[in-house]
Structures are given as structure tokens and as C-alpha cells.
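Student: What follows is a predicted protein model with its sequence.
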Amino acid sequence: MSSITIPVKASDHPHLRPLNVLRDLSAVADLIELCFAPTMDSDGQRYLADMRRASREDSFSGWASRLSETTSLPMMGYVWDENGQIIGNASLIPFRDNGKRIFLIANVSTHPDHRRRGIGRALTERVMKQARGKKASAIWLHVRDDNLGAIKLYQDLGFREAARRTTWTAAPDSFYPKPDSDIQIGVRHSHFWSRQQDWLRRSYPESIDWYQPLNLNALRPGLMNWLYLLFVDYYITQWAAVRDAELLATLSWMPHGGRTDTMYAATPSGQGDDAPASEALTQLLLHARRTLSSRAALSLDYPAGEMTKAITAAGFKPRRTLLWMKL
């Protein structure tokens, strides 16, 4: 998809047809795996497994009954079908945000043997038309920052970058040495909540909250909230980095039941690599690696280009950087 040489019309091309969830999911999963296997993580593998499992259901109703629990599965979209073989795909996944309809274009893929024919562009244009027909208030997509050809295509179609996020990962290590520092790591106290909440809203903006919402209420201090989380068996751990009673940064761990556990870091804005918040974030991430030694892997999603030195110093490595683009 890095170059378009032969334009095709998405509206009337005979090889372009709607996704049929009764018969296409397994073939689409195979295509996605073929195209993205080098960069696919465990979450991506689970996504493909869900698609293949759904394709084996005896009836559509059996799959649809689980739809609300696995909303990331492709419920609609278009495929490029030549001689009974699916060689291109673009999925359209619906979301709701405060009553508004948002659609995410996902899984735009073309078989390696059939690229440079304009298939990716035709599929993207067609699902854009499908989203507009369903009264979308916004159309989004995300793309790796190193996929320059795809970025150029989406820009040509009117998409503009709205956010850039890097996902960092590290393995827990209970034996990782604790560096010397006058920064104290402890439990997040309630009187830090106001600043933590402001910092979290900066690091995890509402503009992309519709996709993977950060439940701020779950992080809110208070006995009633603690009792509720205990009742629903939802375990959260929060730490604060403090120097001389001054809050420098916080880190929240919210397990989601998968192989990789997500953490949310909160730091003040405008902090450089040498700022106190940078050292504090390193200390927090190292503390998490030592404390959460029983977990399989740890993950941190953070604005791209921010706190890079601090996160790297804690032994985290960038898994990918995604451009979030909006039409």
C-alpha cells in the first residue's frame, strides 16, 4: 500500500463486495495475519483467534450474542474477492461516544502479491462511504508511523493526524536493582487526586477516549469507590512518586485479564528529560517491574515523544507508535 499506480473505482468494481461475517471471517483473519505478522503482538493474535472462533459458530446468532463483549471484531466492511479468494480487506467497527456514532476503519490489508493496484485505496474509500451512509459523526483510523505509504494515502483521502501514541512494553523482574534516589515511591494518597486527574486527562485525552476509555472513576479515592471495586472484583494498584512531600508523578496498574497488563502514567505537562517528573516516572516504572513480578508482561501507552528517556531508563522498549487520524 506504499504506492498507488492503477486507480480503481470503489463504487462499481466487480471484485469489491461487502464483508459476509458468516463465511469471510476466517479468510480475513488469514489475510490480516499474512500482512501484519511481523508486527503483531499477543493482543493481535487473540484478536485473530476471536475472529476464527466466531467463524466456526454454527449460526450467526451464536456469534452475535457475544458482540457486545468483543466489539473490536469486524462487524461490517468490504473485501476484495478475486476468483473466490479474498486478497483485500477493510473493516468498519462502530463505537459510540456520548450518543454520537464513531466508526473506526481497521484491518486495511492487501495480499503482498496484489499490491500497487489501488486495492487498499478502493477498499478505504468504500468503507468511508459506508460509514457516511450510517450517519457517522466522525471516522477514525490508526496507522503505524513507519508506514509512510499508508499515511500518504490516508492524507490524500482527507484524514488528518489527531494524536500520536507509543506503546511500551517490559517484562516484570523482581530482582531488578533499586537505584539510589531521594524520590519516595508509595501508595497514591487521596489528597493527590486532583493533580493526578488533571495529569491523566492530559496524557490520555478525551479525543481518543471512545476507543479505549480510561475509567477515571475507578481511580478516584474514597471508601465507597473502594467498596464498589471490591464488590465487582476489580483490582487496581496506584503508586505516587514524591520528593519533599511534593507529588512528581503517579502510576496506575489496571489488569485486563490478558497476557499484557496496562499501566497509566500521569505527569505534569512540559517536562523535559532532566525534569524531576522524568526521574520520578523511571522510579515508578522500575517499582512496577519489581512489584508485579508474577505478571506476564507490562504495557504503557503514552504520548509519542514524551518521557522517552525516562521510560527507556526503566527498561521498557517501544513496541509501536500509532498515528491516530480523523476525517
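Tutor: On my side now, so go ahead. Quick caveat: nothing in here was measured; it's all calculated off a predicted structure.

Student: OK, contacts around the residue nearest to residue 28 when sequence neighbours are not counted?
Tutor: Among residues not flanking residue 28 along the chain, residue 89 sits closest, at 5.0 Å (CB to CB, 6 or more residues apart in numbering). C-beta coordinates here come from the backbone N, C-alpha and C atoms, glycine included. Shown in contact with residue 89 (CB atoms under 8 Å, 6 or more residues apart in numbering): 19, 28, 31, 32, 77, 78, 79, 80, 107, 108, 109, 123.

Student: Any idea how many residues pack against the second one?
Tutor: Per other CB atoms under 10 Å, the neighbour tally for residue 28 reads 26.

Student: for the fifth one, same thing?
Tutor: When neighbours are defined as other CB under 10 Å, residue 77 has 23 of them.

Student: Over to residue 17?
Tutor: Residues near residue 17, counting by other CB under 10 Å: 14.

Student: Domain-wise, how is this structure divided?
Tutor: 16-158, 167-320 (automatic domain parsing).

Student: From the opening residue of the last one to its closing one, how far?
Tutor: When you say that, I think you mean domain 167-320. This stretch, domain 167-320, spans 6 Å end to end (CA to CA, to the nearest Å).

Student: Centre of the chain to it, how far?
Tutor: 17 Å (CA atoms, centre = their mean, to the nearest Å).

Student: picking that back up, possible to save the domains of the chain as a markdown table with distance to residue 326 and mean pLDDT?
Tutor: Converted to a markdown table, the domains of the chain look like this (distance: least, CB to CB, whole Å; pLDDT from 0 to 100):
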| stretch | distance to residue 326 | mean pLDDT |
| --- | --- | --- |
| domain 16-158 | 5 | 84 |
| domain 167-320 | 8 | 86 |
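
Student: Sheet-wise, list the partners of the lengthiest strand in the chain with their directions.
Tutor: Determined from DSSP state E, the single longest strand within the chain is strand 85-97. Sheet partners assigned to strand 85-97 using DSSP bridges are listed as strand 76-82 (antiparallel), strand 100-110 (antiparallel).

Student: Identify each buried residue in that strand, please.
Tutor: Within strand 85-97, the residues that count as buried by 16 or more other CB atoms under 10 Å are 86, 87, 88, 89, 90, 91, 92, 93, 95, 97.
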